[in-house]
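K.L.:
Below is the structure, and that's it, no one-letter string:
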Ligand SMILES: *Cc1c(COP(=O)(O)O)cnc(C)c1O
């Protein structure tokens, strides 16, 4: 068994659903991102069942994977979207998503982005500072619109995850301190171009326990009750994203684990009528994708062995950026013995930080195909063209069919918009 249910071995060859990955590599070349459509559907289903009988809106945190085909699939299933830029809003619209189900997060919303979101009619601005509150109010007044808003509060809870992906602690740049929220809501009440609709938080990513969410929820419930006394009646409570996925052997929490406890806590305080919004990113797509790569060279040294592969940090920066661990599967594994060496899997980029996995015992030969697992989230969306490497193609497998959802970039396209001096 691999970490990803829709990428399993059949006849000793790793498949994406019903298609052998070596066939996809032959047809489309490597490196190649391969996604499973069924994995997207299953991820959505796990949230849908968790909210059955309740008002739940899943706003997919699209920065995890914003390919139009992925957005289109989720939009058809009924999700909304959590966006963090005007660019992401344009993608939602291009993919046929409903702007009325979009929540707009992010600490640095520019005027043009606020205008675009008002014109599109987003569900809510998740306001991250007092200055932003004033700006949104001004822009809305100028456009003769009412901006629906929620305040992103920082509940100061430790999500016990990597520091770079923990966002709910006091010293993070995100949101406003929860103690300040009543005063900022009071200010919002005075601004006629604003409509207060909710409150939100997002405490971090790759969270594998329910308790940090419940700690945050406790504080949010207190705030909601305080606001009620202040004459602010909220329509929704947005608990953000952050549910973890299996990269190796993590025990996970499911949407049902989380929401069943959330509903109990809300009901206990007479808040069962609130619509719940979630903003899951990674857990919707992370194990719906792999990065397929070929071994170019093996380099055996005195203290280290390197497998130099054709994927690199520009295709998957998580190991370099977060010290992240991705499991690696040989597409057609060879027998491993006690003598099989351990390899660092490194790319061709001229940086010592260009590694995708370290100290992996793998029986390898030049030309072998490897799948870097769990590459559906924060992989392509963080990809760059560093070293003038075209970004890899993305394909989506549906049963025994495959769709190219983004062709490999051509060399010409990399610098087609650059200009020589006169
Ligand atoms: C990144 C982000 C998400 C998605 O987080 P995941 O850990 O991928 O689920 C949700 N909400 C906000 C505000 C974010 O910045």
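P.N.:
Looks like it arrived, so ask away. Nothing here was measured: the structure is a model prediction, and the numbers come from that model.
K.L.:
roughly how far is stretch 325-335 from the heart of the chain?
P.N.:
Offset of stretch 325-335 from its chain centre (Cα atoms, centre = their mean, to the nearest Å): 24 Å.
K.L.:
Give me the mean pLDDT for the lengthiest strand in the chain.
P.N.:
The longest strand of the chain (DSSP state E) is strand 289-300. Strand 289-300 carries an average pLDDT of 98.
K.L.:
what's the answer for stretch 5-12, then?
P.N.:
Per-residue scores along stretch 5-12 average to 98.
K.L.:
okay, and for the stretch 51-200 of the chain, where does confidence drop off?
P.N.:
By pLDDT under 70, the weakly predicted segments of the stretch 51-200 of the chain are 161-170.
K.L.:
for the ligand, what are the nearby residues on it?
P.N.:
When proximity is defined by Cβ under 6 Å from any ligand atom, the stretch 51-200 of the chain lies next to the ligand at 61, 63-64, 82, 84, 105. In short, each C-beta sits where N, CA and C put it, glycine included.
K.L.:
What is the nearest of those residues to the ligand?
P.N.:
Nearest to the ligand among these, counting by Cβ to the nearest ligand atom, is residue 61 at 2.8 Å.
K.L.:
Surely residue 205 and residue 242 touch.
P.N.:
Yes. Under the contact definition of Cβ atoms under 8 Å, residue 205 touches residue 242, with a separation of 5.0 Å.
K.L.:
neighbour-wise, which of the two wins?
P.N.:
Using other Cβ atoms under 10 Å, the more surrounded residue of residue 205 and residue 242 is residue 242, with 29 against 26.
K.L.:
Enumerate every residue touching that one.
P.N.:
159, 161, 202-207, 213, 280, 282 (Cβ atoms under 8 Å, 6 or more residues apart in numbering).
K.L.:
Let me have those residues in a markdown table, extended by secondary structure and distance to residue 116.
P.N.:
Shown next, in a markdown table, are these (DSSP: H, G, I helix; E, B strand; the rest coil; distance: Cβ to Cβ, whole Å):
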| residue | secondary structure | distance to residue 116 |
| --- | --- | --- |
| 159 | coil | 31 |
| 161 | coil | 32 |
| 202 | coil | 22 |
| 203 | coil | 28 |
| 204 | strand | 28 |
| 205 | coil | 26 |
| 206 | coil | 31 |
| 207 | strand | 31 |
| 213 | helix | 31 |
| 280 | coil | 24 |
| 282 | helix | 26 |
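K.L.:
is the longest strand of the chain up against the ligand anywhere?
P.N.:
No. Strand 289-300 is not in contact with the ligand by Cβ under 6 Å from any ligand atom; minimum separation 13.4 Å.
K.L.:
Next, the buried residues of that strand.
P.N.:
By neighbour count on 16 or more other Cβ atoms under 10 Å, the buried set for strand 289-300 is 289-295.
K.L.:
Now do it: which elements does it pack against?
P.N.:
helix 21-28, strand 32-36, strand 305-309, strand 369-372 (3 or more Cβ pairs under 8 Å, 6 or more residues apart in numbering; DSSP states H and E).
K.L.:
Could you find the closest non-adjacent residue to the residue in the stretch 251-400 of the chain positioned nearest to the ligand?
P.N.:
Across the stretch 251-400 of the chain, no residue is closer to the ligand than residue 281, which sits at 2.6 Å (Cβ to the nearest ligand atom). Nearest non-adjacent residue to residue 281, counting by Cβ to Cβ, 6 or more residues apart in numbering: residue 61, 2.9 Å away.
K.L.:
and residue 359, helix, strand or coil?
P.N.:
Here residue 359 is strand, with the state taken from DSSP: H, G, I helix; E, B strand; the rest coil.
K.L.:
Looks like it contacts residue 342 (just checking).
P.N.:
Yes. In this structure residue 359 lies within contact range of residue 342 using Cβ under 8 Å: 4.8 Å.
K.L.:
Counting only strands, which of the residues of the stretch 51-200 of the chain next to the ligand make the cut?
P.N.:
Using DSSP E to define strands, the subset of those located there is 61, 82.
K.L.:
can you pick the most crowded of the residues of the stretch 51-200 of the chain next to the ligand?
P.N.:
Within those, residue 82 tops the neighbour count with 31 neighbours, counted by other Cβ under 10 Å.
K.L.:
Test my guess that residue 217 contacts residue 239.
P.N.:
Yes. Here residue 217 reaches residue 239: they are 6.9 Å apart, a contact under Cβ under 8 Å.
K.L.:
end to end, how far does stretch 352-371 reach?
P.N.:
22 Å (Cα to Cα, to the nearest Å).
K.L.:
now do stretch 77-92
P.N.:
End-to-end distance of stretch 77-92 (Cα to Cα): 14 Å.
K.L.:
Any buried residues in that stretch, and which?
P.N.:
Buried residues in stretch 77-92, counted by 16+ other Cβ under 10 Å: 77, 79-86, 88-89, 91-92.
K.L.:
now stretch 216-225
P.N.:
For stretch 216-225, burial by neighbour count (16+ other Cβ under 10 Å) applies to 216-217, 219-221, 223-224.
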